[in-house]
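> Provided below are the primary sequence and the corresponding predicted coordinates.
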Amino acid sequence: MSDNAHDGFHYSEQDVQREVTELEGKSATAARIFDLRRIIGGLFVLYGVIVTITGITDSQSAIDKAQGVNINLWTGIGMLLLGVFFLVWLKLRPVQTPPAVSQEEERAE
């Protein structure tokens, strides 16, 4: 029995490089999709819309309970603004994935 468990598999350098390139592409896509700014911004916008609508439709007795302040309306607007801030931030500064290091550069290090 040989010491190398992968004796039957021979990968060319092009195969390995192609595989690395595919994995780097998938990693960059996953980083963009799961950026926390997108998740936080989206949730704040969604909840902000719900709370704002609740504030608009609040009865006078609900406003009186909050000492005359339409707390749902103001909280909803604040949540909307915060959510929009996160989404604009995401748009203006997208995720920067580090450049791929070629095998020649790795060998030089």
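Received it, and whenever you're ready, just let me know what you need.
> List the residues that contact residue 38.
86, 87, 90 (C-beta atoms under 8 Å, 6 or more residues apart in numbering). For the C-beta atoms, the positions are set from N, CA and C on the backbone; glycine is no exception.
> Name the weakest-confidence residue in these, if you would.
Minimum pLDDT for the contacts of residue 38 is recorded at residue 90 (89).
> right, and that one touches residue 36 too?
No - with contact defined as C-beta atoms under 8 Å, residue 90 does not reach residue 36; the gap is 9.4 Å.
> for the chain, what spans make up the helices?
Assigned by DSSP state H, the helices in the chain fall at 13-33, 36-56, 60-65, 71-92, 103-108.
> got the contact list for the residue lying closest to residue 46 once chain neighbours are set aside?
Distance criterion C-beta to C-beta, 6 or more residues apart in numbering; nearest residue to residue 46, sequence neighbours excluded, is residue 83 at 7.7 Å. Counting by C-beta under 8 Å, 6+ apart, residue 83 touches 40, 41, 42, 43, 44, 45, 46, 47, 48.
> How many neighbouring residues does the first one have?
Pointing back at residue 40 there. Residue 40 is flanked by 17 other residues according to other C-beta atoms under 10 Å.
> what's the answer for the third one, then?
The tally of other residues near residue 42 (other C-beta under 10 Å) stands at 14.
> where's it relative to residue 59, distance?
Residue 42 sits 30 Å away from residue 59, taking C-beta to C-beta, to the nearest Å as the criterion.
> Same check on residue 66?
Separation of residue 66 from residue 59 (C-beta to C-beta): 12 Å.
> ok, the two, which is more surrounded?
Neighbour count, other C-beta under 10 Å: between residue 66 and residue 59, residue 66 has more, with 12 against 8.
> measure the more buried one to residue 75 for me?
From residue 66 across to residue 75, the span is 10 Å (C-beta to C-beta).
> just for the protein, where's the confidence low?
1-9, 23-33, 95-109 (pLDDT under 70).
> Try it again at 50.
1-2 (pLDDT under 50).
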